[in-house]
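In: Give me coordinates for this.
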Amino acid sequence: MHGTAQIPFEFFTPEAPDLENFVVGDNVEAVSLIASLANARSASKPHAAYVLWGGPGVGKSHLLSALASAAQLSGLRVMQLSAASEFPDDAFVDADVLCVDDADRLSIAQQGWLFTAFNHVAQSGGCTVTTGSSAPGLWPMRDDIRTRMGSGLALEILPIPQDGLAQALSHYAATRGFSVSQEVLSYLLSHAQRDLTSLCKTLAGLDRMSLAQKRAVTIPLLRAYMTQSRDMHRS
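Out: Next comes the predicted model:
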């Protein structure tokens, strides 16, 4: 009966990205950097440009969104954009931190906007933080913009090794205050997308559902969750 019941939609809604729900792995330096940039009282003066780069699902967008949220809470002026979003007409933005996701996929017009915005933010003592799928020197964009994006600190966001996923997920569950058995983890890793972003999203939703339904995190509960999640994505 539990397995066939409709699961409320909110259990599938992704949690807002922050540093607390990011699985750090070998990315301690990147997380420390984000925390420092987000702190309005940080004594260290930032570079004008920072780049977070790496393959799909490693958490680049998560860290960028976490930075934007934390910086705003700290009292900094933040503008957050992505290659998929509509850029403002005016590039002379009042921002302490300019965040641009998927910067290596910007259109020609977006590249021109970023060139002007980057220079303006840098002259005001702020910084621009971008993400891309490769190191900035390889980005397919105007040379002058590529040079500026790569002029500061570029950090590769490293994936969790496949043989370390179970341990990383177990630690992630523990930070949320629940435990997950090896059997449940094995089922999850055998039946789900094996990128950390998707796996953590599933565990977070499973945690919320188990609390709401006062049920233990078991394979039947996970199976029901994953089945409805797939059905929702098909519809």
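In: the bottom helix or strand of the protein by mean pLDDT?
Out: Taking mean pLDDT, DSSP states H and E as the measure, the helix or strand of the chain with the lowest value is helix 219-234, at a mean of 81.
In: So which elements touch that helix?
Out: With contacts defined as 3 or more C-beta pairs under 8 Å, 6 or more residues apart in numbering; DSSP states H and E, helix 219-234 has these neighbours: helix 182-191, helix 196-213. In this view, the C-beta of every residue, glycine as well, is placed from N, C-alpha and C.
In: out of these, nearest to residue 22?
Out: helix 196-213 (8.5 Å; C-beta to C-beta).
In: okay, the angle between the closest one and helix 219-234?
Out: 120 degrees (axes from the mean of the first three to the mean of the last three C-alpha atoms, to 10 degrees).
In: Using PDB, list the CA coordinates for helix 196-213.
Out: Output for helix 196-213, consisting of C-alpha atoms alone and laid out as PDB, is shown next (Å, rounded to 0.1, in the frame of the first residue of the first chain):
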ATOM      1  CA  LEU A 196      26.600  13.200  -7.100                       C
ATOM      2  CA  THR A 197      24.100  16.100  -7.700                       C
ATOM      3  CA  SER A 198      21.300  13.700  -8.700                       C
ATOM      4  CA  LEU A 199      22.200  11.200  -5.900                       C
ATOM      5  CA  CYS A 200      22.200  13.800  -3.200                       C
ATOM      6  CA  LYS A 201      18.900  15.200  -4.500                       C
ATOM      7  CA  THR A 202      17.300  11.700  -4.200                       C
ATOM      8  CA  LEU A 203      18.700  11.200  -0.700                       C
ATOM      9  CA  ALA A 204      17.400  14.600   0.400                       C
ATOM     10  CA  GLY A 205      13.900  13.900  -0.900                       C
ATOM     11  CA  LEU A 206      14.000  10.500   0.600                       C
ATOM     12  CA  ASP A 207      14.900  12.000   4.000                       C
ATOM     13  CA  ARG A 208      12.000  14.500   3.900                       C
ATOM     14  CA  MET A 209       9.600  11.700   2.900                       C
ATOM     15  CA  SER A 210      10.700   9.300   5.600                       C
ATOM     16  CA  LEU A 211      10.300  12.000   8.200                       C
ATOM     17  CA  ALA A 212       6.800  13.100   7.000                       C
ATOM     18  CA  GLN A 213       5.600   9.500   6.700                       C
END
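In: angle of it against helix 182-191?
Out: 130 degrees.
In: List the buried residues of the least confident helix or strand of the chain.
Out: When neighbours are counted by 16 or more other C-beta atoms under 10 Å, the buried residues of helix 219-234 are found to be 221-222, 224-226, 228-229.
In: With that, I have no additional questions.
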